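Participant: have a look at this prediction, sequence included:
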Amino acid sequence: MQPSYDSELLNLLTTSVVGRTRELESVVAALAAGRHLLLEGPPGTGKSTVLRSVASCTGSGFEFVEGNAELTPARLVGAFDPSIVLAEGYVAEAFVDGPLLSALRQGALLYIEEINRIPEETLNLLITVMSEAELHVPRLGRVQAEPGFRLVAAMNPFDSVGTARIASAVYDRCCRLAMGYQDAADEEQIVRSAAPEAADAIDPSTMHAAVAMVRDTRTHSEIRTGSSVRGAIDFVMVLRELASLRGTSTQDPSVSLDAAMLALSGRIRINESGSRTAEELVTELWQRHFGPQATEPADTQKKA
């Protein structure tokens, strides 16, 4: 049965995905129209979360594929089991479906993460499937897409490490949705939902500062790629555990600085022309949001 993409689905989705009403409306409309979809945006903007929620709420199948240089056409399509072929020949029962054939046969969503990292020959195969809604497999024959099959791909911006430009033939066969980061209030809600125990252990001002610090990594002049909201999630979780281990408060400066280093120093990518290390930049951002001047009363700061 083909999934139902309607206003009832949209209402259900908005209760499970934070701050993505516009994007959810766009995704539901594109899938309802029978279109393939390309989600474009930096890591941590909820691309896979949105698609998993759509698949879950519609009850449709969902095949997840991680895009990388090792994703060959054979891995995507599937292959004959050699032992069965030796015993029975190239019969249909000997073929082990890959995620693409599984999605075609089931009329499911095929979600390919980071499509701009896969080899060109694999990309060409997907272009054919999008155009013809079918696939011809040697010795197996023609596999027709069942109603409900959609290809949904996600990609990081082209300038991310390891990415390549996507051929115009892909854009020509897809609807494209650009996804940016949510606002600060939504990201605080995401952190609270992802790490409820840690969120309960810290005061609201610390939560606010944690999210603000992570958001500042995205606009810093010396940082090429900043952290997603996952950095804030890790920060509050590590902050809680460090404070407990050291028998001190989550507001202890040494605790929050070490938590910031653990959560952010590996997530940020520095401009090639920059002269400072990741640790130095994280220290600067920590100082801005958790240092003494960040917690002093406003009138004290003015006198200083």
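Facilitator: On my side now, so go ahead.
Participant: in which helix or strand does Ala153 reside?
Facilitator: strand 150-155 (DSSP states H and E).
Participant: helices and strands around that strand, which ones?
Facilitator: strand 36-40, helix 47-58, strand 109-113, helix 120-132 (3 or more CB pairs under 8 Å, 6 or more residues apart in numbering; DSSP states H and E). The way it works is simple: take the backbone N, C-alpha and C, and place the C-beta from them, glycine included.
Participant: now the first one against helix 47-58, angle please.
Facilitator: Here strand 36-40 runs at 140 degrees with respect to helix 47-58, directions being taken by axes from the mean of the first three to the mean of the last three CA atoms, to 10 degrees.
Participant: could you check the angle strand 109-113 makes with strand 36-40?
Facilitator: Going by the same axes, to 10 degrees, strand 36-40 makes 30 degrees with strand 109-113.
Participant: so what's Glu88 closest to, chain neighbours aside?
Facilitator: Ala94 (6.3 Å; CB to CB, 6 or more residues apart in numbering).
Participant: so who does the one you found touch?
Facilitator: Phe80, Asp81, Ile84, Val85, Glu88 (CB atoms under 8 Å, 6 or more residues apart in numbering).
Participant: okay, the second one: pLDDT?
Facilitator: Model confidence at Asp81, expressed as pLDDT, equals 94.
Participant: for it, what are its contacts?
Facilitator: Counted by CB under 8 Å, 6+ apart, Asp81 has contacts Ala94, Phe95, Val96.
Participant: can you show me the strands along the chain?
Facilitator: Along the chain, the stretches classed as strands by DSSP state E are 36-40, 62-66, 78-80, 95-97, 109-113, 134-137, 141-144, 150-155, 174-178, 223-225, 269-270.
Participant: can you lay out those strands as TSV showing distance to Val211 and mean neighbour count?
Facilitator: Output for the strands of the chain, formatted as TSV (distance: least, CB to CB, whole Å; neighbours: other CB atoms under 10 Å):
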stretch	distance to Val211	mean neighbour count
strand 36-40	23	22
strand 62-66	28	17
strand 78-80	43	18
strand 95-97	43	17
strand 109-113	25	24
strand 134-137	45	15
strand 141-144	47	12
strand 150-155	24	25
strand 174-178	22	17
strand 223-225	17	19
strand 269-270	20	16
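Participant: format these as TSV; extra columns: distance to Ile190.
Facilitator: Supplementary listing: the strands of the chain in TSV, determined by distance: least, CB to CB, whole Å:
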stretch	distance to Ile190
strand 36-40	18
strand 62-66	21
strand 78-80	36
strand 95-97	35
strand 109-113	19
strand 134-137	38
strand 141-144	39
strand 150-155	18
strand 174-178	19
strand 223-225	19
strand 269-270	22
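Participant: which one of those strands lies nearest to Glu23?
Facilitator: strand 174-178 (6.4 Å; CB to CB).
Participant: re earlier: pick out the shakiest of the helices and strands packed on strand 150-155, pLDDT-wise.
Facilitator: Here the lowest mean pLDDT among the helices and strands packed on strand 150-155 goes to helix 47-58, at a mean of 77.
Participant: give me the contact list for that one.
Facilitator: 3-5, 9, 12-13, 16-17, 20, 23-24, 27-28, 31, 39, 41, 60-62, 64, 108-109, 111, 113, 152, 154, 179.
Participant: report the angle between it and strand 62-66.
Facilitator: 170 degrees.
Participant: okay, helix 47-58 in PDB with CA atoms only?
Facilitator: C-alpha atoms of helix 47-58 as PDB (Å, rounded to 0.1, in the frame of the first residue of the first chain):
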ATOM      1  CA  LYS A  47      18.300  15.700   7.400                       C
ATOM      2  CA  SER A  48      18.300  12.000   8.400                       C
ATOM      3  CA  THR A  49      16.000  12.800  11.400                       C
ATOM      4  CA  VAL A  50      13.400  14.300   9.100                       C
ATOM      5  CA  LEU A  51      13.500  11.300   6.700                       C
ATOM      6  CA  ARG A  52      13.400   8.700   9.400                       C
ATOM      7  CA  SER A  53      10.400  10.400  11.000                       C
ATOM      8  CA  VAL A  54       8.600  10.500   7.600                       C
ATOM      9  CA  ALA A  55       9.200   6.800   7.100                       C
ATOM     10  CA  SER A  56       8.200   5.900  10.600                       C
ATOM     11  CA  CYS A  57       5.000   8.000  10.600                       C
ATOM     12  CA  THR A  58       3.900   6.700   7.200                       C
END
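Participant: name the residues of it that come out as buried.
Facilitator: Lys47, Val50, Leu51, Arg52, Ser53, Val54, Ala55, Cys57, Thr58 (16 or more other CB atoms under 10 Å).
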